[in-house]
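Peer 1: Build me a structure from this.
(chains A and B)
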Amino acid sequence: GDSVTQMEGPVTLSEEAFLTINCTYTATGYPSLFWYVQYPGEGLQLLLKATKADDKGSNKGFEATYRKETTSFHLEKGSVQVSDSAVYFCALRGSSASKIIFGSGTRLSIRP
Amino acid sequence: GAGVSQTPSNKVTEKGKDVELRCDPISGHTALYWYRQSLGQGPEFLIYFQGTGAADDSGLPKDRFFAVRPEGSVSTLKIQRTEQGDSAAYLCASKPGGMNSPLHFGNGTRLTVT
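Peer 2: Coordinates of the predicted model:
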């Protein structure tokens, strides 16, 4: 079945560092891919998405490119801020279903 | 506007008791999802409703877990004869029409079975 694998955390970086959180997936057909974020004390919310190969999703300085050849959707940000400290979840919706499945999450902590 | 509301926010129950968790989705959202999230893990899919019907219940344990959405709005997840392994956060999310529209999550119900 469909699945998502993302890098284990926690990830700790200094402010203004470059961020990469890896995500790879297994799915038949052409899934849609998402990154959700959970800030402390809040519910999960959509950060960005990409619905077809080579699409780039972007929001709040974060980017991720849908790479079908490597089945990846890595999350990147050029200069992180303390306010980016949160748990990040990679997710996919299969091409023939509305079920959305999530990875295990990566906790990110940014030091001032 | 109002977001997804889940009640109660916390529930402590004794092993063997039944519990009911409620989800009020955003008005007008046709799809409603239930997930279970254990500590340090990602949300685990349980069931998805489109309107009143369960479109996919492949993640719902069949013997003790039941979910309904009788009028296509509020949903209730009922767990019978709770076990300590049921302790987790139960998340509800709703979304409008459109395959790739975003899920809007509530803050969850944290269930502890003692």
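Peer 1: Which parts of stretch A:14-21 count as buried, going by neighbours?
Peer 2: A:19, A:21 (16 or more other CB atoms under 10 Å in any protein chain shown). Using the backbone N, CA and C atoms, a C-beta is placed for each residue, glycine as well.
Peer 1: Off-centre distance for the helix or strand bottoming out on mean pLDDT in chain B?
Peer 2: For chain B, scoring each helix and strand by mean pLDDT, DSSP states H and E identifies strand B:53-56 as the least confident one, at a mean of 90. Distance of strand B:53-56 from its chain centroid, counting by CA atoms, centre = their mean, to the nearest Å, is 13 Å.
Peer 1: One more: stretch B:78-85?
Peer 2: In this view, stretch B:78-85 has its centroid 14 Å away from the chain centroid, taken as CA atoms, centre = their mean.
Peer 1: With stretch A:66-78 instead?
Peer 2: Per CA atoms, centre = their mean, the centroid offset for stretch A:66-78 relative to its chain is 9 Å.
Peer 1: Check which helices and strands the least confident helix or strand of chain B sits against.
Peer 2: Judged by 3 or more CB pairs under 8 Å, 6 or more residues apart in numbering or on different chains; DSSP states H and E, the packing partners of strand B:53-56 are strand B:44-50.
Peer 1: elements contacting the helix or strand following the least confident helix or strand of chain B?
Peer 2: Toward the C-terminus, strand B:53-56 is succeeded by strand B:65-68 as the next helix or strand (DSSP states H and E). Counting contacts by 3+ CB pairs under 8 Å, 6+ apart, strand B:65-68 packs against strand B:44-50, strand B:75-79.
Peer 1: Strand partners (parallel or antiparallel) of the longest one?
Peer 2: What it means is strand B:44-50. Sheet pairing here is set by DSSP bridges, and for strand B:44-50 it gives strand B:31-37 (antiparallel), strand B:53-56 (antiparallel).
Peer 1: Which positions in the shortest one come out as buried?
Peer 2: Read it as strand B:53-56. B:54, B:56.
Peer 1: Which residues does that strand contact?
Peer 2: With contact meaning CB atoms under 8 Å, 6 or more residues apart in numbering or on different chains, strand B:53-56 is reached by A:97-99, B:47-49, B:67, B:69.
Peer 1: just the longest one next, same as before
Peer 2: By CB under 8 Å, 6+ apart, the residues outside strand B:31-37 that reach it are A:98, A:100, A:102, B:23, B:25, B:43-50, B:60, B:67, B:69, B:75, B:77, B:88-97, B:103, B:108.
Peer 1: And that strand, how far out from the chain middle?
Peer 2: Chain-centre distance of strand B:31-37: 5 Å, with CA atoms, centre = their mean.
Peer 1: One more: stretch B:14-23?
Peer 2: 12 Å.
Peer 1: now what about that stretch, what contacts it?
Peer 2: Here stretch B:14-23 makes contact (CB under 8 Å, 6+ apart) with B:4-8, B:11, B:13, B:32, B:34, B:74-84, B:90, B:92, B:94, B:106, B:109, B:111, B:113-114.
Peer 1: Bridged to residue B:91, which residues?
Peer 2: Counting by DSSP bridges, residue B:91 is bridged to residue B:35.
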